[in-house]
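Asker: fold the following, please.
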Amino acid sequence: MSRRRLFVLLASVFVAAGLVMIVYSSMILAQPRVQTVFGKLNGTGAWIGYSLPISVASNMKTLELKFQLVLPTVAPSWYHFQPDNCLQTLTVNGKNVSSPVIPFCDYQYGRILDLGSYLHPGDNLVELTIKNSAGPGGFSFRPVPSDPIVFLPALIGVLFFVLVGFLFIFSAHFWDARSAALILFGAALRAVYVLCTSFSTRAYDWLGHFEYISYVAQHWRIPAAIRGWEFHQPPLYYLLSAAEIDLFRIAHLPQWMEIALLQWSSLCISIVTLVVAAWIAFLLFPAKKQTGNRRMLIGLFAVLPAVVFFASRINNDILYLLVGSLFLALLLRWWESPTRKRWFLLSCVLGLGLLTKNNTAVFVPITLLCLLVQKSLSVREKVAMGAASLSIIVLLAGWLPVLRFLVENDTSASFVGNMHTLSHSFFLSNSVDQFANFSPLRIVESPYANTYRDVPPRYFWEFFFRSALIGEFNLGTGVLPFARVLAAFALMLLPLLLVGVWRTLHIQAVRTLPLWLTAIGVLGAHVFLRLIVPSSTFQDFRYSAVLVFPVIYFILRGRSRRSLVGRIYCSCALYGFIFASIALLVVLMLRPS
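Answerer: Numbers count the residues shown, from 1 in each chain. I've put the predicted structure just below:
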């Protein structure tokens, strides 16, 4: 490396590190702090101390709460109130908060209230009453990430990070600066999305996952699977997050700040996954003449909303996507050059995957099947490598089923987890119609997947397709036109997908065998899971998120290069999909959440 490139690299690292410290410090200084929350259950008895977020298991009809909100000189004004079920009254410093939305009932999303005119620096007394209609009750309260006081310093840090990144890319003379720029753009897009998105927005059971993390951070042992809603999950993500929580508590941060910083950890994992995706793009399209397809794969992965949504979540999905991406990258690298070092690295990833999420188990037979058909290895080498791989996997992850099945002696919350506690409204039939129906017009008309009701019908492939774009979320009427446009462009890509599958099968079937086996194995396992647990929640694409790589690859292999009309169609479909994805994400980020 030349002195000039070394100087640019070191300068970029120091500037980026300084920006991270500035952003982190500004966010810490601007954060309000909540002292102990006191609550009175059902209007009787003594005041009891709680910590946010509050969860009351049963017998709750009303919950009176009061707490001191301590503000710095410059503090946020927007706060997110999420009662379970209804917020009846709210007073701040003895004044009733006059808002047309109070009282309201919305345990799923909550409401954002502007308290700027009621608050002042120092101690502020907040009092409220929660009413619960049925089931567990609770309350969550936090500043809104998109509040200018919180958002602007972090946004400035992200923009400077992007600027430094671009200066580094073009000053260091990257041989493929455009691919690096796409990675940087994807990282910035994820960072801004996280800044604008609450940890409970477009999330899955975030409270259950945080309870798991908190339990591990407090006791430093793995909880019994039946003790919590998400406690059946493999422990790796929760152990790593618990270590972060312990580190954050040195600074005596409020709990919502701890959760928000876990979000930033998810962002970092998401950016690393993006880099691994770029590695996969280079492995699948290594030739110079394939540069366009390589960049397109990176670009599509960088902006796909369903993938970007992972960046703000506090659950093991984000680590699963990273492990799945590493698995595919290492498998492709080993397939082209089957060295023992790469095989052992791949085996370690498989073991860590089984400690991350149960659906990574399908990666093991895919890997062993690749070993079985690898022509450049002798039978003795295959047996030795297979035995070594299984030994590594058992060494890393073999203790977990022993703990669950033998020590805990419980099989009700094992592989599929909390399926026995799912609502009956989720369950579907296994009829032929459920798997034979796929209507493009219905998808464009209703691009949101509905987990609870058959509006639109919850046919497997339609639900799977919708969730592959934007998850199983209703993004609201304001985003509906953008979601429809995105769905329309995605449907335009389906013919390219089919052509790409046919071309790859006839021309590059052997070279891309790991990709084929991954696609068939992961999709087959997903369909099998849906058959044995006929629930709409198990139709979500997130359980098979690693499929995004074979799908994009086959789409790009299906691009027409001869016909002018074909080239125009492919360009319109691909670039239309990219711009529609960016537009949808921008609209979501402009809406407070």
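Asker: residue contacts, Gln88?
Answerer: By CB atoms under 8 Å, 6 or more residues apart in numbering, the residues touching Gln88 are 62, 103, 128-131. To be clear about C-beta, it is placed using only N, CA and C from the backbone, and glycine gets the same treatment.
Asker: buried only: go through the residues you listed for me.
Answerer: Neighbour counting by 16 or more other CB atoms under 10 Å classes 62, 128-131 among the contacts of Gln88 as buried.
Asker: can I get those residues in CSV with secondary structure and pLDDT?
Answerer: As requested, the buried ones among the contacts of Gln88 are exported to CSV (DSSP: H, G, I helix; E, B strand; the rest coil; pLDDT from 0 to 100):
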residue, secondary structure, pLDDT
Thr62, strand, 88
Leu128, strand, 93
Thr129, strand, 92
Ile130, strand, 91
Lys131, strand, 89
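Asker: quick check on the residue most central in space within the chain: phi, psi?
Answerer: When CA atoms, centre = their mean is applied to the chain, the residue found nearest the centroid is Phe310 (1.8 Å). Here is the backbone geometry of Phe310 (degrees, to the nearest 10): phi -60, psi -30.
Asker: give me the phi and psi angles of the closest residue in space to it that isn't next to it in sequence.
Answerer: Nearest non-adjacent residue to Phe310, counting by CB to CB, 6 or more residues apart in numbering: Ile318, 4.9 Å away. Dihedral pair for Ile318: phi -70, psi -40, per degrees, to the nearest 10.
Asker: just checking, Ile318 touches Ile269?
Answerer: Yes. Between Ile318 and Ile269 a contact is recorded at 5.0 Å, counting by CB atoms under 8 Å.
Asker: distance of Ile298 relative to Asn124?
Answerer: 47 Å (CB to CB, to the nearest Å).
Asker: what about the two, which has more around it?
Answerer: Ranked by neighbour count (other CB atoms under 10 Å), Ile298 and Asn124 place Ile298 first, with 29 against 18.
Asker: phi and psi next, for the more buried one.
Answerer: Phi and psi for Ile298, reported as degrees, to the nearest 10, are phi -60, psi -40.
Asker: mind checking what helix or strand follows the helix or strand encompassing Leu322 in sequence?
Answerer: Using DSSP states H and E, Leu322 maps to helix 317-336. Scanning forward in sequence from helix 317-336 by DSSP H and E, the next helix or strand is helix 340-354.
Asker: what's the average pLDDT for that following helix?
Answerer: Taken as a whole, helix 340-354 has a mean pLDDT of 95.
Asker: just the buried residues of that helix, please?
Answerer: Buried residues in helix 340-354 (16+ other CB under 10 Å): 342-343, 345-354.
Asker: buried stuff in the longest helix seen in the chain?
Answerer: Ranked by number of residues, the top helix in the chain under DSSP state H is helix 255-284. Within helix 255-284, the residues scored as buried using 16+ other CB under 10 Å are 255-267, 269-271, 273-274, 276-284.
Asker: next one: stretch 240-251
Answerer: Buried, per 16+ other CB under 10 Å, within stretch 240-251: 240-242, 244-245, 248.
Asker: give me the residues contacting that stretch.
Answerer: Residues from elsewhere that reach stretch 240-251 (CB under 8 Å, 6+ apart): 28, 213-214, 216-217, 220, 257-258, 261-262, 265, 314, 319.
Asker: please apply the same query to stretch 320-333.
Answerer: 269-270, 272-273, 276-277, 279-280, 283-284, 307, 310, 342, 345-346, 349-350, 352-353, 356-357, 359-360, 363, 366-367, 370, 514-515, 518, 545-546, 549.
Asker: ditto for stretch 584-593
Answerer: 78, 112, 144-146, 189, 192-193, 196-198, 201, 303, 305, 308, 470, 475-476, 478-479, 482-483, 486.
Asker: is it possible to mark the buried ones in those residues?
Answerer: 78, 112, 144-146, 189, 192-193, 196-198, 201, 303, 305, 308, 470, 475, 479, 482-483, 486.
Asker: related to what we said a few turns ago, mind listing what the residue nearest to Phe310 touches?
Answerer: Applying CB under 8 Å, 6+ apart, we find Ile318 in contact with 237, 266, 269-270, 273, 310-311.
Asker: any chance of those residues in TSV, plus distance to Val150?
Answerer: Conversion of the contacts of Ile318 to TSV gives the following (distance: CB to CB, whole Å):
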residue	distance to Val150
Tyr237	26
Ser266	17
Ile269	22
Ser270	20
Thr273	25
Phe310	22
Ala311	17
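Asker: which of those residues lies closest to Phe435?
Answerer: Phe310 (26.8 Å; CB to CB).
Asker: if you count neighbours, what's buried in stretch 576-583?
Answerer: Buried positions in stretch 576-583, judged by neighbour count with 16+ other CB under 10 Å: 576-578, 580-583.
Asker: dump those residues into a markdown table; add distance to Leu207 as well.
Answerer: Shown next, in a markdown table, are the buried residues of stretch 576-583 (distance: CB to CB, whole Å):
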| residue | distance to Leu207 |
| --- | --- |
| Gly576 | 38 |
| Phe577 | 34 |
| Ile578 | 34 |
| Ala580 | 32 |
| Ser581 | 29 |
| Ile582 | 31 |
| Ala583 | 31 |
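Asker: now, the residues you listed that are in helices?
Answerer: Those of the buried residues of stretch 576-583 lying in helices (DSSP H): 576-578, 580-583.
Asker: return the member of those nearest to Phe426.
Answerer: Ser581 (28.2 Å).
Asker: for the closest one, give me its contacts.
Answerer: 303-305, 486.
Asker: and the gap between it and Ala468?
Answerer: Ser581 is 12 Å from Ala468, by CB to CB.
Asker: and the angle for the helix or strand containing Leu247 with helix 340-354?
Answerer: For Leu247, the enclosing helix or strand under DSSP H and E is helix 236-248. Using axes from the mean of the first three to the mean of the last three CA atoms, to 10 degrees, one finds that helix 236-248 and helix 340-354 are set 80 degrees apart in direction.
Asker: report the distance from helix 236-248 to the chain centre.
Answerer: 17 Å (CA atoms, centre = their mean, to the nearest Å).
Asker: again with stretch 478-490
Answerer: Mean C-alpha position of stretch 478-490 versus that of the full chain (CA atoms, centre = their mean) differs by 21 Å.
Asker: so what touches that stretch?
Answerer: With contacts defined as CB under 8 Å, 6+ apart, stretch 478-490 is touched by 305, 443-445, 447-448, 465-466, 468-470, 475, 573, 576-577, 580-581, 583-584, 587-588, 591.
Asker: ok, 10 Å please
Answerer: The contact list for stretch 478-490, computed with CB atoms under 10 Å, 6 or more residues apart in numbering, reads 304-305, 440, 443-448, 465-466, 468-470, 473-476, 572-588, 590-591.
Asker: can you show me the helices along the stretch 401-550 of the chain?
Answerer: For the stretch 401-550 of the chain, applying DSSP state H, counting those that start in this stretch gives helices covering 432-436, 440-445, 460-470, 480-492, 494-507, 513-532, 548-557.
Asker: give the rounded mean pLDDT of the third one.
Answerer: Computed over helix 460-470, the mean pLDDT rounds to 95.
Asker: for that helix, name the packing helices and strands.
Answerer: helix 305-308, helix 432-436, helix 440-445, helix 480-492, helix 513-532, helix 564-590 (3 or more CB pairs under 10 Å, 6 or more residues apart in numbering; DSSP states H and E).
Asker: cool, thanks, signing off.
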